[in-house]
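Colleague: Quick check, what structure comes out for this input:
(one chain, ligands or ions: 1)
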Amino acid sequence: MTSQTLREARKYEETFEKKIGTEDRPGFHLSTRVGWMNDPNGFSYYQGKYHLFYQYHPYDPYWGPMHWGHAVSEDLLHWEYLPAALAPDQDYDRDGCFSGSAVTLPDGKQLLMYTGVKRIPVSDGEFRDEQTQCLAIGDGIDYVKYEHNPILDREDIPEGCSKADFRDPKMWQEEDGTYRCVVANRAADGSGQILLYTSLDGLDWKFKSVLSANHNRFGVMWECPDFFQLDKKAVLLCSPMDMLPEGFEYHNGNGTLCLIGSFDEVSGTFNMETNQAIDYGIDFYATQTILTPDGRRVMIAWMQNWDTSRLHPKETRWFGQMTLPRELSVKEGRLIQKPIRELEALRSNKVEYRDIEFTDAMQLEGIKGRRVEMEIELAPSDGENLYKKFAVRFAQREGFHTAISFRPYESILKVDRKFSGSRRAAIHQRRCKVRDENGKIRLRLILDRFSAEVFVNDGEQVMTITMYTEQAADGISFFADGSVKMNVVKYDLVG
Ligand code: FRU
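Modeller: Numbers count the residues shown, from 1 in each chain. Presented below is the predicted three-dimensional model:
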């Protein structure tokens, strides 16, 4: 039985999505059907299609009581919206259905686990949140909330830990058919920790261990955890709140964190060997991964960040998009990310230049557009004498541009959207330390109308930003201070 709250949301999205033209959305990144979107949820492969749910407030372009939006795809690039899957319609989730995940049950049904939020009045108009884990079972379109919800509550949290911050369950099935899930929580000292739970049937869950604790390093609360084995390593991804900067690795505010190490099955604990940011740009948060039927570990994230996500005008019809799904691997203790290979099917109108030498600003015939992939290889012209700076500008038109620049003396890559048309005093630039060999570097840039994702040196690092510059700004130009030699291949991404 669909509740009145869910029926209203479904009716609203169907009516109001019609006001958004396809040209006004990204081409191959999933954006919210209408209103507001944050975290990806329930990223799964079910009945022959990829399913992606998301944190959703259909009624206006800002965060509000959380629903789950829903879309399906065959290639992770072309998405079809389905009716909203969950609404805050029960006593235990009356203030929101927060982030969660999906698995398939042995009987072929799809199981969703999400965080139910209930705001309980205490004294003097103050509230305290109670967060619990809840289940819903469905057929890929309609989901029924489980009669025994919540299935994990304050009783299942270790003594002394937060009952108010207990959210974002990410579950998966083990090879022996049993299920596990990780949930974000706060330890008694207020710092973030990840709890591990196990289940034989996906319905009845038991606390196993504190998988990893933050001890006040890497921010405060760790949101949206994900945990998996990859290339013989254990990988823990999460999104810490309130970070302090560390060199060029971590920036202030909400960030992302990848910990690589090993997992001790007996104690259920993770031992970290290396740590790094997942993305070094501005708009990236709340990752979630899937194991695809052909064995790839693919990650997607919300292509926004909390600190810059409340600055858009209220007339905005949609706000929130997902990143391009990225194929992950681990090499020498680092996370490597590549755009999913399905993207290559969208390529057309190839334009290629080799060994272009330049010392100033220039444009290249045939290189422009806002849905574009561009691979750039740079080196000093004579192979030795370092240039001072290289830049590529895009989304460019009189007065507007967004840029990536590289300074080989410092090995610093910078994204800058100061001239993208923003009228707010938000963060518009970010720097990242990259690995270059004497001025040689490879950049793969993917533009999709409202975003730019820059993959550095075959995915060693990625910088992601959104930009809401008018679409008529479609120029691309190059700039060198010093003498640069460049190979560039550009494709339009269409279809
Ligand atoms: C992360 C987050 C999650 C929570 C959701 C609420 O962006 O804060 O921890 O489940 O968003 O929308």
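Colleague: what's the closest non-adjacent residue to Asp360?
Modeller: Leaving aside its sequence neighbours, Asp360 sits nearest to Ala480 (C-beta to C-beta, 6 or more residues apart in numbering; 6.6 Å). C-beta here means a position set from N, CA and C on the backbone, and glycine is covered the same way.
Colleague: residues near Leu244, how many?
Modeller: The local packing of Leu244 (other C-beta atoms under 10 Å) involves 13 other residues.
Colleague: before we move on, could you check phi and psi at it?
Modeller: phi -100, psi 150 (degrees, to the nearest 10).
Colleague: Let me see the contact set for it.
Modeller: 219, 250, 252 (C-beta atoms under 8 Å, 6 or more residues apart in numbering).
Colleague: For the nearest residue to the last one once chain neighbours are set aside, grab the count of nearby residues.
Modeller: Same thing as Asn252. Once flanking residues are discounted, Asn252 sits nearest to Pro245: 5.4 Å by C-beta to C-beta, 6+ apart. Residues contacting Pro245 under the criterion other C-beta under 10 Å number 11.
Colleague: repeat for Gly27
Modeller: 18.
Colleague: Am I right that it is in a strand?
Modeller: No - per DSSP: H, G, I helix; E, B strand; the rest coil, Gly27 lies outside any strand segment and is coil.
Colleague: Quick check: it touching Arg371?
Modeller: Yes - under the criterion of C-beta atoms under 8 Å, Gly27 makes contact with Arg371 at 5.0 Å.
Colleague: Could you report the distance from Thr464 to the ligand?
Modeller: Per C-beta to the nearest ligand atom, to the nearest Å, Thr464 is found 15 Å from the ligand.
Colleague: Let me see the ranges of the helices in this structure.
Modeller: 4-16 (DSSP state H).
Colleague: State the distance from Ser162 to the ligand.
Modeller: For Ser162 relative to the ligand (C-beta to the nearest ligand atom), the value is 13 Å.
Colleague: contacting residues around that residue?
Modeller: Contacts of Ser162 by C-beta under 8 Å, 6+ apart are 185-187, 190.
Colleague: Give me the buried subset of those.
Modeller: 185-187 (16 or more other C-beta atoms under 10 Å).
Colleague: residues near the residue lying closest to Gln47 once chain neighbours are set aside, how many?
Modeller: Leaving aside its sequence neighbours, Gln47 sits nearest to Gly140 (C-beta to C-beta, 6+ apart; 5.4 Å). Around Gly140 there are 18 other residues, counting by other C-beta under 10 Å.
Colleague: Hmm, Gln110 and Gly140 touching each other?
Modeller: Yes - contact criterion C-beta under 8 Å: Gly140 and Gln110 qualify, at 5.9 Å.
Colleague: Just the pLDDT at the residue of the chain most remote from its centre, thanks.
Modeller: In the chain, Asp382 marks the outermost C-alpha relative to the chain mean, sitting 39.7 Å out by C-alpha atoms, centre = their mean. Model confidence at Asp382, given as pLDDT, is 93.
Colleague: Over to His215?
Modeller: For His215, pLDDT reads 89.
Colleague: Quick check: it touching Gly190?
Modeller: No - counting by C-beta under 8 Å, His215 sits too far from Gly190 to count as a contact (10.8 Å).
Colleague: Report the set of residues contacting both of Gly140 and Gln110.
Modeller: 46, 51.
Colleague: residues in the chain within reach of the ligand, list them.
Modeller: 38-39, 55, 66, 98-99, 115, 167-168, 223-224, 285-286 (C-beta under 6 Å from any ligand atom).
Colleague: which two from those residues end up farthest apart in space?
Modeller: Thr115 and Tyr285 (16.5 Å; C-beta to C-beta).
Colleague: For the two, indicate the residue with more neighbours.
Modeller: Higher neighbour count among Thr115 and Tyr285: Tyr285, with 27 against 24, using other C-beta under 10 Å.
Colleague: residues contacting the more buried one?
Modeller: Tyr285 touches 38-39, 224, 239, 254-256, 301-302, 304-306, counting by C-beta under 8 Å, 6+ apart.
Colleague: and if we set it to 10 Å?
Modeller: When contacts are counted by C-beta atoms under 10 Å, 6 or more residues apart in numbering, Tyr285 touches 38-39, 223-224, 239-241, 253-256, 278-279, 301-307, 309, 323, 464.
Colleague: ditto for Tyr59
Modeller: Contacts of Tyr59 by C-beta under 10 Å, 6+ apart are 8-9, 12-13, 16, 34-36, 65, 67.
Colleague: same thing but at 6 Å, please
Modeller: Gly35 (C-beta atoms under 6 Å, 6 or more residues apart in numbering).
Colleague: Excluding chain neighbours, what is closest to the spatially most central residue of the chain?
Modeller: Central residue of the chain (C-alpha atoms, centre = their mean): Ala301, 1.2 Å from the mean position. Closest residue in space to Ala301, ignoring its immediate chain neighbours: Thr287 at 4.3 Å, by C-beta to C-beta, 6+ apart.
Colleague: go on, Asp382?
Modeller: Nearest non-adjacent residue to Asp382 (C-beta to C-beta, 6+ apart): Ser483, at 7.2 Å.
Colleague: who's in contact with that neighbour?
Modeller: Ser483 touches 359, 381, 387, counting by C-beta under 6 Å, 6+ apart.
Colleague: again, 10 Å this time
Modeller: Counted by C-beta under 10 Å, 6+ apart, Ser483 has contacts 357-360, 380-382, 385-388.
Colleague: same question, Glu223
Modeller: 39, 98-99, 165, 167-168, 184, 192, 238-241, 254, 256, 285-286, 306.
Colleague: do Glu344 as well
Modeller: 373, 491, 493.
Colleague: before we move on, what about Arg347?
Modeller: Contacts of Arg347 (C-beta under 10 Å, 6+ apart): 372-373, 489-495.
Colleague: Please flag which of those residues sit within strands.
Modeller: 372-373, 489-493 (DSSP state E).
Colleague: Could you dump these into a markdown table with neighbour count and pLDDT added?
Modeller: Output for those, formatted as a markdown table (neighbours: other C-beta atoms under 10 Å; pLDDT from 0 to 100):
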| residue | neighbour count | pLDDT |
| --- | --- | --- |
| Val372 | 23 | 98 |
| Glu373 | 22 | 98 |
| Val489 | 17 | 98 |
| Lys490 | 22 | 98 |
| Tyr491 | 21 | 98 |
| Asp492 | 18 | 98 |
| Leu493 | 22 | 98 |
